[in-house]
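> sequence and predicted structure below; questions after.
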Amino acid sequence: MLARIADLAIRRHRIVLAAAFVAFVVSGAIGGGVADRLSSGGFEDPGAESTQAQALLRDRFDAGTPNVVLLVTARDGDVDAPAAAEAGRALATELAGESFDGQDMTQVLSYWDLPPGNPLASDDGSRALVLGRYPGDDSALVELSQDLVDRYTADEPGAVVTVAVGGQGPVFAEVNQTIERDLVRAEAIALPITLLLLLLIFRGVVAAVLPLVVGALSVVGTFLVLFLVNEVTEVSVFALNLTTAMGLGLAIDYSLFIVSRYREELRDHDPDVAVRRTVLTAGRTVLFSALTVAASLCALLVFDIAFLRSFAYAGLAVSALAGLYAVLVLPALLAALGRRVDALPVRRRAEVPDTGTGYWHRVATTVMARPGRIIVATVAVLLVLGAPALGMRLGFPDDRVLPPGKASRDVQDVIRNEFGSEEAGAAAVVAVETGPPAARTDDVAAYAADLARVPGVARVDAETGIYCGSGGSVAGIDCRAGDLVLPAEQSPELVDRFSRPDATYLSVVPDVEPLSDAGEQFARDLRAVPSPFGDTVVGGQSAQLVDAKSSLLGDVPLALAIIAGITFVLLFAMFGSVVVPIKALVLNLLSLSATFGAMVWVFQEGHGADLLGFTPTGSLAATIPVLMFCVAFGLSMDYEVFLLSRIKEEHDAGVDNLHSVANGLERTGRIVTAAALLISVVFLAFATSEVSFIKLFGIGLTLAVLLDAFVIRGTLVPAFMALAGEVNWWAPGPLRRLHDRFGVSEHVDLGDEPHAGPPAGTAEPGAAAGGAAAEVDEGEKVGT
């Protein structure tokens, strides 16, 4: 297959390049606007109890969690003053009239709709809330929220009140806007620095541009794939960040490997022969590398959360396209350029040193001279770095992913600090098949009282009335937990809101932060209260957090098994050893443990928060460690394949174990470290984001890549391979025979073959008298 690809790239390079150009134009025309079509949500498990509660609320009660909040501040400090009350009621009426995309704003409730002193006022009485719920999907909510922020935010001199807009919708909208600006800034930072580094690495303008060409083709092609996938399932807009980072990163990795090998082959062969030899050797490594990256990212498909599956779609597409373009389109470019790949030199390119004299060769021989001590010292350091990971706590991102000063973040900070209850964080307890209202009154009242006694409850609103929570006070009235504070007879709207012929729901307002450890316990305690009704579910923000973590942790073992299994099979197929895959898996886990330990120490515990510009919340966004693990594992295996393929070439050419390792590290060390530095620039550019979980993603992956390239590949791999000796390539007899029959052999014919040679009657390009130019001398070692 690779021989046919090489022939196509050499003989039909104009057709290949024209097809790539057409694919780029079509992908850009169709997929260029994909960001406007992707979802802004997808963080919940569709089969979770909290999701079922949300659906029941929507379908039975036309209700749900408020997602738009107006924070109204009276300039004279009293929201009960007539002028402030009139302005507040006018705002509530205006918000109730909002409509977007065929959906009307519902459940609008203001402080002024309830008796004075109710929980919708701040503790000092200077601020009050207007709550509303937009029932459309997440994307429509974000779009509407952007408009509401523009129209409702008011701080005019002389006005009776000032207005700020917050809630889930405006927070999502501001996060999206911030990420869009951050993405543009990241690209503006990464691309010039990457091009400059490529110029320094390749010492020529033409060669330096090639990885960017492959990257552009891969990224734009993935946009088209996401556009098509979005037609049949939900795709998160955040997947575009991974598309850009991975597309550019993998393109750089693969192009470095291909172009470096091509230049190496050009020293002894004509361009066409050099292209063919490059595809048969480096091209095979690139394909296997793309498969290992794809294997790591395909594990995200097992999760029920659309946000994570979206990264699987993006990762699979971008790794496949980067591998394809690197093996087909890049060789076609090289065939067209020939020796002009070194055109427009920045300065004279340094010659590759002879084998045994380079820096990485000296590193390898130094490490292998004392492998035991190197292993003990390095593993000890990595274990110390990884120790904080044992205390990792997972949470849900909230408004605090934004920095202070962002409008929606500031609104939530005021609510968090100045209001006694979390109205927008209320849990919904929904019961169906309850029987008619008249027959269930006593059961509802008893159940509401039991729920009100749960620690962390501010109050319970039900069809039978409002009940005092464990906080001991409602609307300034001292009471005991479970007491009926306001009977339904005095507030008839409670029956209209909470009662249906065969269903009822209770709103349980917490006095703890919903997205916190206390919020999780609040949700668990509510679910532990026995229900008098058969089918009862609990929803709300705290319940969603509990369900999302349960879903994630429940799927993690299967995802890990998929990654380990596919990686083991691919590495065994390539190298015919069971030791190499096991060693690779163990070292990758060790490296990633150190990375997660550092991320917990920084982003969870808050060390360096002021320097990096984020607000620690005592937890990490639950989906980000899972995503980081899959991406970082794939990139680690990428470098593993690069290194081991050259070591195996040396070993199969008859070189002993120690020299094979040293020569392989020498040949790939510069490429791997250059690739790691380049992709680190891309990830560090994303670390400039103002959104904390994007910052975590960028810094975490940067550390993972650098640890892997410099510590794992530079020390532990040669040390372990030196200790193992020939056992590195061992496999049990049955597996050895299986590999001999179905595996990939390192012995590839780099010379002329009937299907690869020139048409009859013509000479092979570059053929020397008395033999083909592509023929390898008996004593020649591949790649040296």
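Structure's in. What do you need?
> switch to C-alpha atoms for all contacts and neighbour counts from now on
OK.
> for residue 654, helix, strand, or coil?
Three-state assignment for residue 654 (DSSP: H, G, I helix; E, B strand; the rest coil): coil.
> residue 708 against residue 636, yeah?
Yes - with contact defined as Cα atoms under 8 Å, residue 708 counts as touching residue 636 (6.2 Å).
> list the residues that contact both of the two?
Common contact partners of residue 708 and residue 636 (Cα atoms under 8 Å, 6 or more residues apart in numbering): residue 588.
> what is the burial count for residue 3?
18 (other Cα atoms under 10 Å).
> kindly apply the preceding question to residue 406 instead.
15.
> and it, how close does it get to residue 418?
As defined by Cα to Cα, to the nearest Å, residue 406 lies at a distance of 18 Å from residue 418.
> give the contact list for residue 257.
By Cα under 8 Å, 6+ apart, the neighbours of residue 257 are 282, 286, 642, 671.
> residue 98 too?
104-105.
> what are the phi and psi values at it?
phi -70, psi 140 (degrees, to the nearest 10).
> look up how far residue 146 lies from it.
Distance from residue 98 to residue 146, by Cα to Cα: 13 Å.
> cool, residue 492 as well?
35 Å.
> do residue 632 as well
Taken as Cα to Cα, the span from residue 632 to residue 146 is 34 Å.
> which of the two has more neighbours?
More crowded of residue 632 and residue 146, by other Cα under 10 Å: residue 632, with 25 against 18.
> the more buried one reaches residue 703, doesn't it?
No - assessed by Cα under 8 Å, residue 632 is found out of contact with residue 703, at 9.6 Å.
> where does residue 618 sit: helix, strand or coil?
Quick answer, by three-state DSSP: residue 618 is coil.
> dump the residue contacts of it.
Contacts of residue 618 (Cα under 8 Å, 6+ apart): 393, 604-606.
> now the buried members of these.
When the contacts of residue 618 are checked for burial by 16 or more other Cα atoms under 10 Å, the buried set is 604-606.
> residues near residue 661, how many?
Residue 661, neighbours per other Cα under 10 Å, totals 29.
> residue contacts, it?
364, 647, 718, 721-722.
> so which of these are in helices?
364, 647, 718, 721-722 (DSSP state H).
> circling back to that earlier point, list just the nearest of the contacts of residue 257 to residue 220.
residue 286 (20.1 Å; Cα to Cα).
> where does the closest one land on pLDDT?
Per-residue pLDDT puts residue 286 at 93.
> so how far is whichever strand or helix holds it from its chain's centroid?
Using DSSP states H and E, residue 286 sits in helix 284-298. Counting by Cα atoms, centre = their mean, to the nearest Å, helix 284-298 is centred 18 Å from the centre of its parent chain.
> and the helix or strand following it, what does it pack against?
Where DSSP H and E defines the elements, the next helix or strand beyond helix 284-298 is helix 306-324. Other elements packing on helix 306-324 under the criterion 3 or more Cα pairs under 8 Å, 6 or more residues apart in numbering; DSSP states H and E are helix 205-229, helix 239-266, helix 284-298, helix 623-652.
> what's the next helix or strand after helix 306-324 packed up against?
Next along the chain after helix 306-324, taking DSSP H and E as the criterion, comes helix 330-337. When contacts are defined as 3+ Cα pairs under 8 Å, 6+ apart, helix 330-337 packs onto helix 2-11, helix 13-31, helix 271-278.
> pLDDT on helix 330-337, on average?
96.
> need the helices and strands packed on helix 306-324 in a markdown table with distance to residue 2, can you?
Output for the helices and strands packed on helix 306-324, formatted as a markdown table (distance: least, Cα to Cα, whole Å):
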| stretch | distance to residue 2 |
| --- | --- |
| helix 205-229 | 19 |
| helix 239-266 | 14 |
| helix 284-298 | 7 |
| helix 623-652 | 16 |
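> residues contacting the residue nearest the centre of the chain?
Centre of the chain computed as the mean C-alpha position; nearest residue by Cα atoms, centre = their mean is residue 627, 4.5 Å away. When contacts are counted by Cα under 8 Å, 6+ apart, residue 627 is found next to 300, 308, 311.
> so which of these is the closest to residue 44?
Closest to residue 44, out of all of those and judged by Cα to Cα, is residue 308, at 10.4 Å.
> out of the helices and strands packed on helix 306-324, nearest to residue 49?
It's helix 623-652; of the helices and strands packed on helix 306-324, that one is closest to residue 49 (Cα to Cα) at 18.9 Å.
> buried ones in the helix or strand that comes right after the closest one, by neighbour count?
Next in sequence after helix 623-652, counting helices and strands by DSSP H and E, comes helix 657-686. Across helix 657-686, burial judged by 16+ other Cα under 10 Å covers 657-686.
> I'd like the ones in helices among the contacts of residue 661 laid out as a markdown table, including pLDDT, neighbour count and distance to residue 552.
Formatted as a markdown table, the ones in helices among the contacts of residue 661 follow (pLDDT from 0 to 100; neighbours: other Cα atoms under 10 Å; distance: Cα to Cα, whole Å):
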| residue | pLDDT | neighbour count | distance to residue 552 |
| --- | --- | --- | --- |
| 364 | 92 | 28 | 40 |
| 647 | 92 | 25 | 38 |
| 718 | 94 | 26 | 36 |
| 721 | 94 | 22 | 36 |
| 722 | 94 | 25 | 39 |
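> with distance to residue 195 added, can I get these in a markdown table?
A markdown table is the format used below for the ones in helices among the contacts of residue 661 (distance: Cα to Cα, whole Å):
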| residue | distance to residue 195 |
| --- | --- |
| 364 | 30 |
| 647 | 30 |
| 718 | 31 |
| 721 | 35 |
| 722 | 37 |
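> what number of residues are in the vicinity of the closest residue to residue 587 other than its chain neighbours?
Computed as Cα to Cα, 6 or more residues apart in numbering, the closest residue to residue 587 that is not its neighbour in sequence is residue 712, at 7.0 Å. For residue 712, the neighbour count with other Cα under 10 Å is 24.
> quick check: pLDDT value at residue 712.
Looking at residue 712, the pLDDT reads 93.
> count the neighbours of residue 113 for me.
So residue 113, with other Cα under 10 Å, has 15 neighbours.
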